[in-house]
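Asks: sequence plus predicted model, see below.
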Amino acid sequence: MRMENRATLLSYSATFIALIAAGSWISIPFIPVPLTLQTLFVLLAGVVMRRYAVVPVALYLALGALNLPVFHNGTAGVGILLGPTGGYLIGFLPAALIAGLAYESRSELVRIGGLVLASLSIYVAGVSWLSYSAGIPLIEATVLGMLPFVLGDAVKLYAAYAIGKRLE
């Protein structure tokens, strides 16, 4: 997929902003971090838009920071970004870039590795910020903010990969 003109970039960006926002409403409550489909659509943006996937992700975060209810379960505002789940949201930016750059390669190994690294970047940002913002040890933040999600995120990673294969 090449972003050959602004209209293509704009239409794909709008689509992925909408998908990431919709994915935030598909939520299973966990404490302190809910399980949502946002990460699937962030990874899928990288698969489809390549390096330009950072555009819809950055705009999604900006819309949420400007109080549009696009974060999990309709939450919004800078307070969400500074709260316990904010690191995961900020982690969407490097994840989109990593997945997107990996999908510029034709190598299946690079693509799969990119999706794995993208998912890990969300965990690193999210768990680190959860530990800091909640004042809990890093190991406890990992147990609360990563371990319950690994299986679901592996399924989302595979789904993004499989959808990408179908779109080629």
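Replies: Cool, got the structure.
Asks: how near is Ala45 to Ala96?
Replies: 6 Å (C-beta to C-beta, to the nearest Å). Heads up, the C-betas are built off the backbone N, CA and C, glycines and all.
Asks: what touches both of the two?
Replies: Residues within reach of Ala45 and of Ala96 at once, by C-beta atoms under 8 Å, 6 or more residues apart in numbering, are 53, 56-57.
Asks: give me the next element, helix or strand, following the one helix or strand in the chain whose mean pLDDT sits lowest.
Replies: Within the chain, no helix or strand scores below strand 27-28, which has a mean of 80 by mean pLDDT, DSSP states H and E. Sequence-wise, the next helix or strand downstream of strand 27-28 (DSSP states H and E) is strand 35-36.
Asks: who touches stretch 129-147?
Replies: By C-beta under 8 Å, 6+ apart, stretch 129-147 touches 31-33, 82-88, 90, 123, 126-128.
Asks: backbone torsions only: list them for Thr85.
Replies: Backbone torsions for Thr85, taken as degrees, to the nearest 10, come to phi -90, psi 0.
Asks: now list the buried members of the shared contacts of Ala45 and Ala96.
Replies: Buried residues within these, counting neighbours by 16 or more other C-beta atoms under 10 Å: 53, 56-57.
Asks: now those residues in TSV, with secondary structure?
Replies: Formatted as TSV, these follow (DSSP: H, G, I helix; E, B strand; the rest coil):
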residue	secondary structure
Ala53	helix
Pro56	helix
Val57	helix
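Asks: looking at those residues, which one is closest to Gly113?
Replies: Closest to Gly113 out of the buried ones among the shared contacts of Ala45 and Ala96 is Ala53 (16.5 Å), distances taken as C-beta to C-beta.
Asks: tell me the contacts of that closest one?
Replies: Per C-beta under 8 Å, 6+ apart, neighbours of Ala53: 16, 42, 45-46, 96-97, 99-100.
Asks: need the pLDDT of it.
Replies: With respect to pLDDT, Ala53 scores 98.
Asks: again with Pro29
Replies: 78.
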